[in-house]
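**Student:** have a look at this prediction, sequence included:
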Amino acid sequence: MTIESENAREEIKEIVKKCITCGICKSLCPVFKTIREEKVSPRGKTMLLKKEVYDEIIYKCSLCRGCEQRCPSGIKICSAFKKARKVLVEEGKETEANKEMIQNIRTYGNPFGKIVPGKCRKLYCC
Amino acid sequence: MKKSEELIPYSTDASMIEGNAIKVVFPKTIGEIRNIIGKENNITIRGGGTSLVGGAVPFNSVVMDLSKMNRILNLDAGNRIVEVEAGIILDELNNYLEKYNLEFPVQPSSHGVCTIGGMIAANAAGNRAIKYGKTRKWIIELEAVNGKGEVLKIKKSDLEDFSGMEGITGVIVSAKLKLEPKIKRTTSMFSIETLDSVAETAKKYKDNKEVSEIEILDKTTSSLLGLEEKYHLIVEFENEEGELKGKDYDYIMNLRDRAYPALANIGFSHIEDPEISFQKFKEFAEFLESERIPFFGHLGVGIIHPVFMQNQKNKIQRMFEVVKRFKGQITGEHGVGIIKKEFLDSINKKIIERIKNRHDPLCKMNCNKVINCGKKTEEKIEEAKDDN
Ligand SMILES: Cc1cc2nc3c(=O)[nH]c(=O)nc-3n(C[C@H](O)[C@H](O)[C@H](O)COP(=O)(O)OP(=O)(O)OC[C@H]3O[C@@H](n4cnc5c(N)ncnc54)[C@H](O)[C@@H]3O)c2cc1C
């Protein structure tokens, strides 16, 4: 664990400890609405972070901040997920798609890779 | 992620009580539900997971999550009847009905998350109970699978076998519901200095047929929500009488929905739901204030929500004694779950036990919720084997 990831973990702990598991965050979450499983809901992922489970599942979020808009406790949920992604990257646990996307940005200046006119590229979710 | 970690999100609900799931399943058909009941011995049913009494918390059990059974099966707009699967979220249903100018009128504050199945199981009420009552009143028919794996069509006369049973008799799979025309509502908010005037103002609106909710916020709740440190009464009208309309109306309704979470956020995360008669409200509120217990609630129907810190068991006990003295009910809408079993009176307990035994003799469904099963599930299975 690097100092950066340790610090990020501390910050995340502070953010998620305010969650009272009311579940109201689920009401605007497009990821939950599509997959309909608690584990991908903002509440589910917040519970995982509370227990310090850092996993690829944290990428299952569009960072739309719908949950933050609804969260009655005013928790910056998406901000916690963003920081958690940082931890995942620092600790080498990011997704293959993320690695490929970053490589594409470095090589081609865009997340999709080499642009061939008329050819559709694979899309990645950040 | 390890299998055990994947189950963490299913280990609790809005009660914050922690249990442990051994597996989670997402049935999509009656056949799958029957299969699961056939195979598993200890099942916890889950809808939106907004129970405040630990109803959806598993204890060494398989979580059966109904979230993926969320279809609208049929709408008869002319006769105002809809048939839905149990996992549909109330707001999803009402958003769909909006284009037909219809709505399901019972509305708990958790409307963006709670499912129709969960509402039926808990017989949820909510802000508009003064006009629309509780969920059961709006059910025409249910389809359910009981703990024996039997598929049942439950008619109006037998609804109590499932509605209000909090999942201890079996799984509600789908429901045929009555609807109401969608109404444009307005609201007025009254900022009030004394409990006497609160009671007086509420009384003025209580019997008005056009009033669909009368909500109270105490001084603590009001100031947490950014209002003046006074009592506030929110009165909702089903006509143009309210001063706040459109966006202003929406703002106040959102504010009201944030009452409990705002209190929970400062440590008052244990919520109760006693029901007392309107006449006793002032005395009850005075007691709560003397004990420094913040509260809000559905004053129109006498369901008050006092909130407590997690370590205030004695205060809760004292409050229950007062509720009993006022001949009120310990739970008005959240149900019994695992935290209020001891307060069920013996007559109710006997009735519930009888219904439970009829539908789920092996105690497979929501074991030890509402009533104690008394025996371990394994022992019951052995007993059933012996009987055969
Ligand atoms: C912020 C907040 C505000 C709330 N406001 C209100 C309110 O105003 N009024 C009110 O009445 N309640 C309120 N509640 C409590 C809760 O939302 C209701 O009890 C709701 O009906 C539960 O629905 P659910 O889908 O979340 O069910 P869950 O919490 O998942 O389950 C509740 C119970 O029903 C059982 N169950 C769920 N689905 C089924 C099914 N298909 N078949 C059989 N059993 C099933 C579960 O096993 C459990 O015992 C509130 C909760 C929160 C967090």
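**Tutor:** That came through, no problem. Numbering: from 1, shown residues only, chains lettered A, B, ... in the order given.
**Student:** when you work out contacts or count neighbours from here on, use the C-alpha atoms and nothing else.
**Tutor:** OK.
**Student:** which strands or helices does the worst-scoring helix or strand of chain A on mean pLDDT pack on?
**Tutor:** None of the helices or strands of chain A scores lower by mean pLDDT, DSSP states H and E than helix A:96-108, at a mean of 90. Helix A:96-108 is packed against no helix or strand, with contacts defined by 3 or more CA pairs under 8 Å, 6 or more residues apart in numbering or on different chains; DSSP states H and E.
**Student:** where does residue 113 fall, phi/psi-wise?
**Tutor:** Reading this off chain A. As for residue A:113, its main-chain torsions (degrees, to the nearest 10) stand at phi 100, psi -160.
**Student:** my question was about chain B, not that one.
**Tutor:** phi -130, psi -40.
**Student:** likewise residue B:298?
**Tutor:** In this entry, residue B:298 is assigned phi and psi values of phi -90, psi 80 (degrees, to the nearest 10).
**Student:** helix, strand or coil for the closest residue to it other than its chain neighbours?
**Tutor:** The shortest distance from residue B:298 to any non-neighbouring residue, by CA to CA, 6 or more residues apart in numbering or on different chains, is to residue B:215 (4.7 Å). Look at residue B:215: counting by DSSP: H, G, I helix; E, B strand; the rest coil, its state is strand.
**Student:** can you pull the contacts of residue B:215?
**Tutor:** The contact partners of residue B:215, by CA atoms under 8 Å, 6 or more residues apart in numbering or on different chains, come to B:127, B:233, B:234, B:235, B:296, B:297, B:298, B:299, B:300.
**Student:** residues touching the third one, list them.
**Tutor:** With contact set as CA under 8 Å, 6+ apart, residue B:234 has these partners: B:187, B:188, B:189, B:190, B:213, B:214, B:215, B:216.
**Student:** quick one: the helices in the stretch 51-200 of chain B?
**Tutor:** Secondary structure of the stretch 51-200 of chain B, counting by DSSP state H, counting those that start in this stretch: helices at B:90-98, B:116-122, B:129-132, B:195-206.
**Student:** ok, now chain A?
**Tutor:** Counting by DSSP state H, the segments of chain A that form helices are A:3-16, A:30-35, A:42-50, A:66-70, A:77-90, A:96-108.
**Student:** deepest of those helices, which one?
**Tutor:** The highest average neighbour count among these, using mean count of other CA atoms under 10 Å in any protein chain shown, belongs to helix A:42-50 at a mean of 25.
**Student:** stretch B:116-131 and the ligand, any residue contact?
**Tutor:** Yes. Remark: stretch B:116-131 sits within contact range of the ligand at B:117, B:118, B:119, B:121, B:122, B:124, B:125, B:126, B:127, by CA under 6 Å from any ligand atom.
**Student:** which residue is the nearest non-sequential neighbour of the first one?
**Tutor:** Taking CA to CA, 6+ apart, and ignoring the residues beside it in sequence, residue B:117 has residue B:86 as its nearest neighbour in space, at 4.2 Å.
**Student:** quick one: the one you found and the ligand, what's the gap?
**Tutor:** In this view, residue B:86 and the ligand are 5 Å apart by CA to the nearest ligand atom, to the nearest Å.
**Student:** over to residue A:103?
**Tutor:** 43 Å.
**Student:** which residues does that residue contact?
**Tutor:** The neighbours of residue A:103, taking CA under 8 Å, 6+ apart as the test, are residue A:111.
**Student:** now with 10 Å, please.
**Tutor:** Residue A:103 makes contact with A:97, A:109, A:110, A:111, A:112, A:113 under the criterion CA atoms under 10 Å, 6 or more residues apart in numbering or on different chains.
**Student:** tell me how many other residues crowd the last one.
**Tutor:** Which is residue A:113. A total of 19 residues lie near residue A:113 under the criterion other CA atoms under 10 Å in any protein chain shown.
**Student:** residue of chain A closest to the ligand, please.
**Tutor:** Scanning chain A for proximity to the ligand using CA to the nearest ligand atom identifies residue A:22 as nearest, at 4.3 Å.
**Student:** now that residue. Nearest residue, chain neighbours left out?
**Tutor:** Using CA to CA, 6+ apart and skipping residues adjacent in sequence, the residue nearest residue A:22 is residue B:14, 4.4 Å away.
**Student:** likewise for residue B:56?
**Tutor:** For residue B:56, the nearest residue in space outside its immediate sequence neighbours is residue B:46; the separation is 5.2 Å by CA to CA, 6+ apart.
**Student:** the one you found and residue B:86, how far apart?
**Tutor:** 10 Å (CA to CA, to the nearest Å).
**Student:** the ligand contacts on chain A?
**Tutor:** Chain A has residues residue A:22 near the ligand, with proximity defined as CA under 6 Å from any ligand atom.
**Student:** okay, domains of chain A per the record?
**Tutor:** When chain A is parsed with automatic domain parsing, its domains come out as A:3-94, A:95-126.
**Student:** take the ones you listed and write them to a markdown table, including distance to residue B:94.
**Tutor:** Putting the domains of chain A into a markdown table (distance: least, CA to CA, whole Å) gives the following:
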| stretch | distance to residue B:94 |
| --- | --- |
| domain A:3-94 | 13 |
| domain A:95-126 | 31 |
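**Student:** rank those by pLDDT, which is bottom?
**Tutor:** Among the domains of chain A, domain A:95-126 carries the lowest mean pLDDT, at a mean of 80.
**Student:** quick revisit: the residue of chain A closest to the ligand and residue B:261 touch, don't they?
**Tutor:** Yes. A contact is recorded between residue A:22 and residue B:261 when judged using CA atoms under 10 Å, the distance being 7.5 Å.
**Student:** so what sits against both of the two?
**Tutor:** A:71, A:72, A:73, B:269.
**Student:** sort the residues of stretch B:116-131 next to the ligand by pLDDT and name the bottom one.
**Tutor:** In terms of pLDDT, residue B:126 ranks lowest among the residues of stretch B:116-131 next to the ligand, with 83.
**Student:** now residue B:310, nearest residue through space, not along the chain?
**Tutor:** If you skip the residues right next to it in sequence, residue B:310 has residue B:270 as its closest partner in space, 6.0 Å away by CA to CA, 6+ apart.
**Student:** count the residues that sit near that neighbour.
**Tutor:** Quick note: residue B:270 (other CA under 10 Å) scores 23 neighbours.
**Student:** gap between whichever residue of the stretch 101-250 of chain B sits closest to chain A and residue B:308?
**Tutor:** Proximity to chain A, evaluated over the stretch 101-250 of chain B using CA to the nearest CA, is greatest for residue B:112 at 4.8 Å. Taken as CA to CA, the spacing of residue B:112 relative to residue B:308 amounts to 24 Å.
**Student:** identify the residues contacting the residue nearest to residue B:56.
**Tutor:** Contact criterion CA under 10 Å, 6+ apart gives B:10, B:13, B:24, B:26, B:55-58, B:63-67, B:87, B:115, B:117-118, B:167, B:171, B:366 as the residues in contact with residue B:46.
**Student:** do the same with residue A:23
**Tutor:** With CA under 10 Å, 6+ apart as the criterion, the residues that contact residue A:23 are A:38, A:41-44, A:67, A:70-72, B:13-14, B:48-51, B:110, B:112-114.
**Student:** phi and psi next, for it.
**Tutor:** Note on residue A:23: backbone dihedrals following degrees, to the nearest 10 are phi 90, psi 0.
**Student:** distance check, it against residue B:242.
**Tutor:** Per CA to CA, residue A:23 is found 31 Å from residue B:242.
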